[in-house]
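Asker: after the sequence you'll find the predicted model.
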Amino acid sequence: MASIARGALTLSAAAVAAYAFALLAVPGMRAPFLQERFASLPLAVWVHIAGGGSALLLGPLQLSRRLRARRVALHRALGTTYLAAVLAAGLAGFALALVSEGGVVAHAGFGALAVAWLGTTSTAYARIRAGDRASHGRWMVRSYALTFAAVTLRIQLPVSQAAGIPFEVAYPAIAWLCWVPNLFIAEWLLARRTPLSRPSALGTPVSAARSSRTP
């Protein structure tokens, strides 16, 4: 079941990344409001789409335990590329959030997403620089959950349209719904992954406390 979920995540990320790169290469594919953004803020749009698409593709590779174990140098190189892609796309995304469709609620939602994306990714980098691999991995899961907002947005938007919800009503809500639930799911997965390694109330790992009582 887990392998099916990972496969679905990877395929959907690759599909949205391919769509993003196609938008850069084929102007005719761009919706009217996106054409306006290309005209008014071309650098921000290019950087956001290219960086976001790259991060979508790199994330599943960075989260692969097999790659981390067998190809450490490649994992580090891809991690550096992922970091650069997110930092560039996040900064550009914040600039675009200020002029996004949907009014103040959408501006705030996409702006908060950009800040959270930059924050989680920067924290993941700081943790690995400090030599804390476990914490680095947890923050990378959170970072990619936010990267994956590009996928959830493109699921939620057509679903809302098919349900007959007006765009001006749906879009401000989706500006939050495309990423906040992702973070909750990430935290749930992290909590399930290592239930015995979390610190106890006294600051001692539960697993260590149990082993110390073993004769």
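Answerer: On my side now, so go ahead. Numbering: from 1, shown residues only.

Asker: give me the pLDDT for S211.
Answerer: Per-residue pLDDT puts S211 at 40.

Asker: now the helices for this structure?
Answerer: In the chain, the segments counted as helices under DSSP state H are 2-25, 32-40, 42-62, 65-70, 72-97, 103-129, 133-147, 149-162, 167-177, 180-193, 206-212.

Asker: how about the ones you listed in a markdown table, adding mean neighbour count?
Answerer: Glycine gets a C-beta too; all of them are placed from N, C-alpha and C. As requested, those are exported to a markdown table (neighbours: other Cβ atoms under 10 Å):
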| stretch | mean neighbour count |
| --- | --- |
| helix 2-25 | 14 |
| helix 32-40 | 12 |
| helix 42-62 | 21 |
| helix 65-70 | 11 |
| helix 72-97 | 18 |
| helix 103-129 | 18 |
| helix 133-147 | 21 |
| helix 149-162 | 16 |
| helix 167-177 | 18 |
| helix 180-193 | 14 |
| helix 206-212 | 12 |
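
Asker: name the helix or strand of the chain that has the lowest mean pLDDT.
Answerer: Least confident helix or strand, the chain: helix 206-212 with a mean of 39, by mean pLDDT, DSSP states H and E.

Asker: circling back to that earlier point, least confident of the helices of the chain, on average?
Answerer: Among these, helix 206-212 carries the lowest mean pLDDT, at a mean of 39.

Asker: grab the nearest non-local neighbour of the most centrally placed residue in the chain.
Answerer: By Cα atoms, centre = their mean, the chain has its centre lying nearest to T147, at 1.8 Å. Nearest residue to T147, sequence neighbours excluded (Cβ to Cβ, 6 or more residues apart in numbering): A55, at 4.8 Å.

Asker: residues touching that neighbour, list them.
Answerer: Neighbouring residues of A55 by Cβ atoms under 8 Å, 6 or more residues apart in numbering: 82, 85-86, 89, 144, 147.

Asker: repeat that for I185.
Answerer: Contact analysis of I185 by Cβ under 8 Å, 6+ apart lists A145.

Asker: so G51 makes contact with A85?
Answerer: Yes - counting by Cβ atoms under 8 Å, G51 does reach A85; the two are 4.3 Å apart.

Asker: residues in contact with F110?
Answerer: 93, 96-97, 100, 175.

Asker: L78 contacts P60, correct?
Answerer: No - taking Cβ under 8 Å as the definition, L78 is not a contact partner of P60, at 10.5 Å.

Asker: from the chain's centroid, how far away is stretch 3-22?
Answerer: Distance of stretch 3-22 from the chain centroid (Cα atoms, centre = their mean, to the nearest Å) equals 13 Å.

Asker: begin at 8 from here
Answerer: Done: numbering now begins at 8, and the last item shifts to stretch 10-29.

Asker: mind saving the C-alpha coords of it as PDB?
Answerer: C-alpha atoms of stretch 10-29 as PDB (Å, rounded to 0.1, in the frame of the first residue of the first chain):
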ATOM      1  CA  SER A  10       4.600   1.600  -2.400                       C
ATOM      2  CA  ILE A  11       1.400   2.400  -4.300                       C
ATOM      3  CA  ALA A  12       1.100   5.700  -2.500                       C
ATOM      4  CA  ARG A  13       4.700   6.600  -3.200                       C
ATOM      5  CA  GLY A  14       4.200   5.700  -6.900                       C
ATOM      6  CA  ALA A  15       1.100   7.900  -7.100                       C
ATOM      7  CA  LEU A  16       2.900  10.800  -5.400                       C
ATOM      8  CA  THR A  17       5.800  10.500  -7.800                       C
ATOM      9  CA  LEU A  18       3.700  10.200 -10.900                       C
ATOM     10  CA  SER A  19       1.400  13.100 -10.000                       C
ATOM     11  CA  ALA A  20       4.400  15.300  -9.200                       C
ATOM     12  CA  ALA A  21       6.000  14.400 -12.500                       C
ATOM     13  CA  ALA A  22       2.800  15.200 -14.400                       C
ATOM     14  CA  VAL A  23       2.400  18.600 -12.800                       C
ATOM     15  CA  ALA A  24       6.100  19.400 -13.300                       C
ATOM     16  CA  ALA A  25       5.800  18.500 -17.000                       C
ATOM     17  CA  TYR A  26       2.800  20.700 -17.200                       C
ATOM     18  CA  ALA A  27       4.800  23.600 -15.600                       C
ATOM     19  CA  PHE A  28       7.700  23.200 -18.000                       C
ATOM     20  CA  ALA A  29       5.200  23.100 -20.900                       C
END
